[in-house]
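Asks: what shape does this take:
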Amino acid sequence: MAAVPRVPETQDITRIERIGAHSHIRGLGLDDALEARMVSQGMVGQTNARKAAGVILQIIREGKIAGRALLIAGQPGTGKTAIAMGMAQSLGPDTPFTSISGSEIYSLEMSRTEALTQAFRRSIGVRIKEETEIIEGEVVEIQIDKPASGGGEKRGKLTLKTTEMETIYDLGTKMIEGLQKEKVQAGDVITIDKASGKISKLGRSFTRARDYDAMGSATKFVQCPEGELQKRKEVVHTVSLHEMDVINSRSQGFLALFAGDTGEIKPEIREQIDQKVSEWREEGKAEIVPGVLFIDEVHMLDVECYSFLNRALESAMSPVLVFATNRGITRIRGTNYKGPHGMPIDLLDRLLIISTEPYSEKELSQILHIRCEEEDVEMTDDASELLTKIGSETSLRYAIHMITVASLVCARRKGTEVDVQDVKRVYSLFSDVKRSTQYMIEYQHEFMFSEISAPDDAPGGGEGDAMTTD
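Replies: Model (predicted):
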């Protein structure tokens with residue numbers, strides 16, 4: 001008897017997920033009373049900062065107050081960007097959230113104020129409501145008449161029913177092709193958009209549930225529609241002001257959205273868009289959805305940008321701004337003056353400031369545990385304890401980077417769990433900032449263009465490329 005050939009199983013990969021620095025963040029980790037849970041939705045510690053961010057979140061959701069700005073300030077590695085990402089996750093997909101870095105605006109082929117204006121308008125959504133007529137019903141029968149000669153137009157009839165009525169519709173070539181493309185058959189519940197002719201299959205009618213075995217486990221069953229076949233349905237589209245600007249700024253504006261080459265947009269076009277949106281708002285066709293503009297490394301902006309932000313915050317169409325910085329008292333870019341966080345005092349006066357604090361050792365351990373789960377790495381308790389100690393003595397980012405590398409070292413020795421020896425091995429291979437700096441100080445005379453003066457007895461200490469600094 002011949003062996004039956006085995007069909008290899010195939011697995012569909014619908015999307016590829018990459019693990020990022022903040023991919024474990026699911027929200028701010030707050031309860032209904034805006035109290036921060038110690039460990040929730042990927043967030044650990046920083047309870048006061050998260051509570052404050054939750055209050056701002058309520059302001060954003062209500063969408064009534066414009067021109068509010070928030071500054072998240074703290075040491076490197078204290079979760080400033082994580083809080084901003086948590087806000088974005090909590091707001092959901094309906095609220096626009098734009099994230100840029102302070103240095104981005106210098107690398108674009110447009111003026112800095114234009115880049116900031118586009119970021120502002122990207123963060124303001126317009127929810128447009130429109131009514132459309134649809135035909136919704138269960139397919140009773142499809143008849144397609146093909147010409148005997150093989151050429152010519154196809155004709156056919158479609159019988160649809162609801163719980164109260166049944167109607168026969170004549171089909172043209174376009175509708176027949178649409179039904180064939182969607183693989184519509186008797187027993188399917190479909191909707192047809194009368195304006196565009198688009199056909200959507202909602203599922204299979206419950207009356208055909210007895211044919212379940214012939215359809216497969218993925219079949220979705222729905223109730224037969226009630227009432228009349230023709231209905232009016234409200235459709236809601238959410239677009240940003242920037243998308244409307246780009247589409248109306250040139251003949252091929254829609255394609256420019258995908259290419260990313262938007263260029264500078266004339267103020268006249270923006271005024272026309274704002275006027276049209278105002279008319280829609282008065283007619284009840286549209287509503288404004290103020291979003292969030294997050295600017296990381298805000299100290300990289302210069303005094304001209306700060307002046308623009310001062311003015312932009314006074315506009316009624318301004319989104320909620322969230323800034324983040326890890327700088328102390330430093331020089332304001334574009335001037336010779338120093339300011340807190342490298343920002344002018346007049347702009348700081350407009351901001352609500354949230355301070356983040358360094359993590360405790362217990363919180364570091366919890367964060368590293370969450371990252372191990374996110375990166376799918378098994379680690380022993382001793383190795384986790386050692387990694388926490390390294391994180392507290394060096395930095396959290398260095399400890400997080402060690403997780404995946406230690407798992408690769410573990411896989412090399414064919415182990416199942418990352419052990420202490422793997423962490424030690426990685427620690428010896430890769431230096432942290434403190435050890436690297438110490439190495440540079442000890443051997444700086446062997447590097448080019450060293451600016452730290454070497455001791456007199458050190459080799460090469462008197463060479464001309466060494467320079468004393470304060």
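Asks: the helices in the stretch 351-470 of the chain, which residues?
Replies: Applying DSSP state H, counting those that start in this stretch to the stretch 351-470 of the chain gives helices spanning 361-374, 381-393, 396-412, 420-429, 433-443.
Asks: over to the chain?
Replies: 47-62, 80-91, 112-122, 173-181, 241-249, 253-259, 267-283, 303-312, 345-348, 361-374, 381-393, 396-412, 420-429, 433-443 (DSSP state H).
Asks: the second one - what's its average pLDDT?
Replies: Mean per-residue pLDDT for helix 80-91: 85.
Asks: neighbours around Thr117, how many?
Replies: 20 (other CB atoms under 10 Å). In short, each C-beta sits where N, CA and C put it, glycine included.
Asks: of the helices of the chain, which approaches Ile100 most closely?
Replies: In terms of CB to CB, the element of the helices of the chain nearest to Ile100 is helix 112-122, at 5.5 Å.
Asks: okay, and for the stretch 101-250 of the chain, where does confidence drop off?
Replies: By pLDDT under 70, the weakly predicted segments of the stretch 101-250 of the chain are 108, 148-152, 209-218.
Asks: ok, Pro340 - how many residues close by?
Replies: 17.
Asks: ok, now which ones touch the nearest residue to it once chain neighbours are set aside?
Replies: Nearest residue to Pro340, sequence neighbours excluded (CB to CB, 6 or more residues apart in numbering): Ile329, at 5.6 Å. Going by CB atoms under 8 Å, 6 or more residues apart in numbering, Ile329 touches 338-341.
Asks: go on, Asp422?
Replies: Asp422 makes contact with 383, 406-407, 409-410, 413, 415, according to CB under 8 Å, 6+ apart.
Asks: check contacts around the closest residue to Met43 other than its chain neighbours.
Replies: Using CB to CB, 6+ apart and skipping residues adjacent in sequence, the residue nearest Met43 is Gly29, 3.8 Å away. If you count contacts by CB under 8 Å, 6+ apart, Gly29 has them with 36-37, 39-43, 50, 86.
Asks: out of the helices of the stretch 351-470 of the chain, flag the one nearest Gly54.
Replies: Per CB to CB, nearest to Gly54 of the helices of the stretch 351-470 of the chain: helix 361-374, 18.8 Å.
Asks: give me the buried positions along the closest one.
Replies: Going by neighbour count (16 or more other CB atoms under 10 Å), the buried part of helix 361-374 is 363-372, 374.
Asks: if we can go back for a sec, now list the buried members of the contacts of Ile329.
Replies: 339-341.
Asks: which of the residues in the longest strand seen in the chain are buried?
Replies: Ranked by residue count under DSSP state E, the longest strand found in the chain is strand 124-145. Neighbour counts using 16+ other CB under 10 Å place 124-126, 128, 134-139, 142 of strand 124-145 among the buried residues.
Asks: each with direction, which strands does that strand pair with?
Replies: strand 155-161 (antiparallel), strand 188-193 (antiparallel), strand 230-240 (antiparallel), strand 286-290 (antiparallel) (DSSP bridges).
Asks: just put these in CSV and tack on distance to Gly74 and mean neighbour count.
Replies: Shown next, in CSV, are the strands paired with strand 124-145 (distance: least, CB to CB, whole Å; neighbours: other CB atoms under 10 Å):
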stretch, distance to Gly74, mean neighbour count
strand 155-161, 61, 18
strand 188-193, 51, 20
strand 230-240, 30, 13
strand 286-290, 26, 20
